[in-house]
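**Student:** Here is a sequence together with a model predicted from it:
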Amino acid sequence: MKISTPKERAAALRAQLDEANYRYHVLDEPNIPDAEYDARMRELEAIEAAHPDLRTPDSPTQRVGAAPSREFAEVRHALPMLSLANAFSDAEVEDFARRIRERLGRTDLEFSVEPKFDGLAISLRYENGMFVQGATRGDGETGEDVSANLRTIRSIPLRLRGKNWPRVLEVRGEVYMPRAGFEKYNEAARASGGKIKALVNPRNAAAGSLRQLDPRITARRPLAFFAYAVGQVEGGDLPATHSATMRRLRDWGFPVSHLIDTAVGVEGCLAYFRRIGLRRDALPFDIDGVVYKLDDLAAQRELGFVGRTPRWAVAHKFPAQEQTTTVEDIIVNIGRTGAATPAAKLKPVFVGGVTVTNATLHNADQVARLDVRIGDTVIVRRAGDVIPEVVGVVLDKRPAHTQAWQMPAHCPVCGSAIVCEEGEVVARCSGGLSCAAQRVQAIFHFASRRAMDIDGLGERYIENLCALDYVHSVADLYKLSISNLLEMKRLADERDGTTPETVKAGKIASRWAENLIAAIGASKRTTLDRFLYALGIPDVGEATAKALSRYFGALGALMQAAPEELMQVPDVGPIMAAHIATFFAEPHNRKAIAQLRAAGVTWPESEPQREAQGPLAGKTVVLTGTLTSLARDEAKERLEALGAKVSGSVSKKTGFVVAGSEAGSKLDKAQELGIEIWDEARLTEFLRAHE
């Protein structure tokens, strides 16, 4: 009998393990017992340990990462990961189908129908059949690189099966935690006596598991994956329908839910919705509705998008689950923007699969409308099966002598006044930069790339700096030393149980600290508009910050401006003017600004410019698609320097649209409205001529 070489044996074992994974996770037809699978895995690990040159990136042994990552890199999606519109009734589904019929001029509509999985949306990128990167949805445009964690999920193929796959294939789907795995994990957590933290619910568990900095932790979580769409495709063709594309993905090794089906017309969709609804509680995973997608991909492209949602798909949500319980207290939570949100402290109640002890009351107007009082029996609903909220009061169970609730006058965290501007429903803590509840997010925003641009200062580090009392305000950033950062990291690592064990780790930490201190120092030289945006004034985004900077020229003049004068600035209305005036009137904020200036934060000031100047003065420009010769931010800054207002949406007031490659719905709308279209070459030529 021929004796295999280590190379041949390793290749054979990899093929056997890949086949076993495919049969188990995709076909649901296991072909070998777990013990045999484990034995083959151990044999492959031994061969690769003895012959490191035989270890390949797609080997099953590479699913479990080794070194923890300190933070996730950003990934810009080649095609945006858009959100679906929701339908909550049969009538809304009928409206969805009617709009499609009217736009296409067709009545023979066939839909691909599937469960709406309750997990975390991710994208998987394959090049020449190999998995190269995975990312979260993020804000739809930019997500987080969680490739190392995704490699630990056995149902995600590291190498595609079959043949004829595109050179570049982006597959989108949902990472979820099966109910059985969730329960088994929590049983082990309860048995550990607190050594393992129990998971709250399958959805949060899936999302939290993928954002672990150490892939080894993710590998211990019982995660799974379902594919439900494709994104970018280059160098290859896919079938003409969504349903056929899903079958093709299954052939290539991706798990695709066996519940995916096709349905004809609205009647078929609603029949599927009712059928899945009856099976919902018996399914091995959580769902919160079903999704209808027009099956014809060419028709999908013809329909396009409205805003950030496709016209050809909708999520039909199941009714939220409700229970009754009693209100033990009403507290006020202060959010990262200062929003004061009342919340009910509840007698624990089991709603929609989780025990609920707190529920949002949204705002003071909602509390008054419902007339929620301490001691009331209330109806609690998990809105969208996720966020608990109080939706009603059982008045005939109200105890005697209850009192109507009032929003407190002062912030429970910092003691600053809670104010609610006329015309608004949201009350806010006026403490701003000084309020501890707003501190982490205020500093994170202050340090962000479009604000003070402190490279390397991520949210995790800010949380540790605040928790360990190194930073209490944005001005404290400029007091940090390298020794402070190293001590903070040491204490945080000890707290998290990840103390570095090697000299190499210490050198890396030291280099990180040196780079961060240098970045903090470099941020002292900025511009007035960046500084204003960094302060986090409610409603003041980049465009408004630029307008304020031009109009006043100097910070002192802006800080003294009354609301009536602020309203003379383009696009500043009465509510925004009130927010700006209130922010600068707050002593805590004025003190923080003084501390920043004392720390050496400077910017050039100029004479006020009451009118926009430059060849594009008065014009509104929209950028869409991908630009190859310059970054989107650079294009925006250069257009604004020439007097343009750069907007994110197309309207009749738009002067012209710059369309890069893969431009989508904004280009379509501009063409519908007859707005002038520039390509990238024309933009580049124009900018070069006005340098």
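**Tutor:** That came in fine, so what should we check first? Numbers count the residues shown, from 1 in each chain.
**Student:** drop to CA atoms for contacts and neighbour counts, all remaining ones
**Tutor:** Noted.
**Student:** Run a quick neighbour tally on Gly618.
**Tutor:** 14 (other C-alpha atoms under 10 Å).
**Student:** That one - that's part of a strand, no?
**Tutor:** No: going by DSSP: H, G, I helix; E, B strand; the rest coil, the assignment for Gly618 is coil, not a strand.
**Student:** Need the nearest residue in space to it, chain neighbours excluded.
**Tutor:** Ala644 (6.3 Å; C-alpha to C-alpha, 6 or more residues apart in numbering).
**Student:** Tell me which helix or strand in this structure has the weakest average pLDDT.
**Tutor:** helix 34-50 (a mean of 73; mean pLDDT, DSSP states H and E).
**Student:** What is the subsequent helix or strand relative to that one?
**Tutor:** strand 74-76 (DSSP states H and E).
**Student:** one step back: for the residue nearest to Gly618, give me its contacts.
**Tutor:** Shown in contact with Ala644 (C-alpha atoms under 8 Å, 6 or more residues apart in numbering): Gly614, Leu616, Ala617, Gly618, Lys619, Thr620, Val621.
**Student:** Show me which pair in the residues you listed is furthest apart.
**Tutor:** By the measure C-alpha to C-alpha, Gly614 and Val621 form the most distant pair in the contacts of Ala644, at 13.8 Å.
**Student:** Ala522: how many residues sit nearby?
**Tutor:** Quick note: Ala522 (other C-alpha under 10 Å) scores 15 neighbours.
**Student:** ok, Gly208 to Arg154 distance?
**Tutor:** 18 Å (C-alpha to C-alpha, to the nearest Å).
**Student:** what about the two, which has more around it?
**Tutor:** More neighbours surround Arg154 than the other of Gly208 and Arg154, with 21 against 13 (other C-alpha under 10 Å).
**Student:** Might one say that the more buried one is in contact with Pro222?
**Tutor:** No: the criterion here is C-alpha atoms under 8 Å, and Arg154 misses it with Pro222 at 9.8 Å.
**Student:** Next, the contact list for Asn358, please.
**Tutor:** Shown in contact with Asn358 (C-alpha under 8 Å, 6+ apart): Ala343, Ala344, Lys345, Leu346, Pro388.
**Student:** That one is in what secondary structure piece?
**Tutor:** According to DSSP H and E, Asn358 maps onto strand 354-360.
**Student:** Would you mark the buried spots in that strand?
**Tutor:** Val354, Val356, Thr357, Asn358, Ala359, Thr360 (16 or more other C-alpha atoms under 10 Å).
**Student:** Show residues contacting the very next helix or strand once past that strand.
**Tutor:** Remark: after strand 354-360, the chain's next helix or strand is helix 364-370, criterion DSSP H and E. The contact list for helix 364-370, computed with C-alpha under 8 Å, 6+ apart, reads 341-342, 361, 391-393, 404-407, 425-427.
**Student:** Next, the buried residues of helix 364-370.
**Tutor:** Ala364, Gln366, Val367.
**Student:** Now the residue sitting nearest the centre point of the chain: closest residue in space that isn't a chain neighbour?
**Tutor:** Residue closest to the average C-alpha location in the chain (C-alpha atoms, centre = their mean): Gly138, at 2.9 Å. Among residues not flanking Gly138 along the chain, Glu144 sits closest, at 6.6 Å (C-alpha to C-alpha, 6+ apart).
**Student:** Relative to the helix or strand hosting that neighbour, what are the paired strands and their orientations?
**Tutor:** Assigned by DSSP H and E, Glu144 belongs to strand 142-144. Sheet pairing for strand 142-144, assigned by DSSP bridges, gives strand 74-76 (antiparallel).
**Student:** what bits of the stretch 51-200 of the chain have low per-residue confidence?
**Tutor:** Applying pLDDT under 70 to the stretch 51-200 of the chain picks out residues 62-71, 190, 192-195, 198, 200.
**Student:** which residues in it form strands?
**Tutor:** For the stretch 51-200 of the chain, the strands defined by DSSP state E, counting those that start in this stretch cover 74-76, 85-87, 110-117, 120-127, 130-136, 142-144, 168-176.
**Student:** Which of those sits closest to Ala400?
**Tutor:** Of the strands of the stretch 51-200 of the chain, nearest to Ala400 by C-alpha to C-alpha is strand 85-87, at 40.6 Å.
**Student:** Out of the strands of the stretch 51-200 of the chain, which gets nearest to Thr262?
**Tutor:** Nearest of the strands of the stretch 51-200 of the chain (C-alpha to C-alpha): strand 110-117, 4.4 Å.
**Student:** re the thing from before, buried residues, the strand holding Glu144. List them.
**Tutor:** Across strand 142-144, burial judged by 16+ other C-alpha under 10 Å covers Thr142, Gly143, Glu144.
**Student:** what's the closest of those residues to Tyr470?
**Tutor:** Nearest member of the buried residues of strand 142-144 to Tyr470, counting by C-alpha to C-alpha, is Glu144, at 27.5 Å.
**Student:** Tell me the bridge partners for that closest one.
**Tutor:** Bridge pairing for Glu144 - DSSP bridges - gives Glu74.
**Student:** how near is it to Phe254?
**Tutor:** Relative to Phe254, and taking C-alpha to C-alpha, Glu144 is found at 22 Å.
**Student:** Give me the lowest-pLDDT entry from the contacts of helix 364-370.
**Tutor:** Of all the contacts of helix 364-370, Val425 carries the smallest pLDDT score, 73.
**Student:** Pull the number of nearby residues for that residue.
**Tutor:** Count around Val425 with other C-alpha under 10 Å applied: 13.
**Student:** who does the strand or helix carrying Leu639 touch, helix- and strand-wise?
**Tutor:** Here Leu639, judged by DSSP H and E, is contained in helix 632-641. If contacts are counted by 3 or more C-alpha pairs under 8 Å, 6 or more residues apart in numbering; DSSP states H and E, helix 632-641 sits against strand 645-647.
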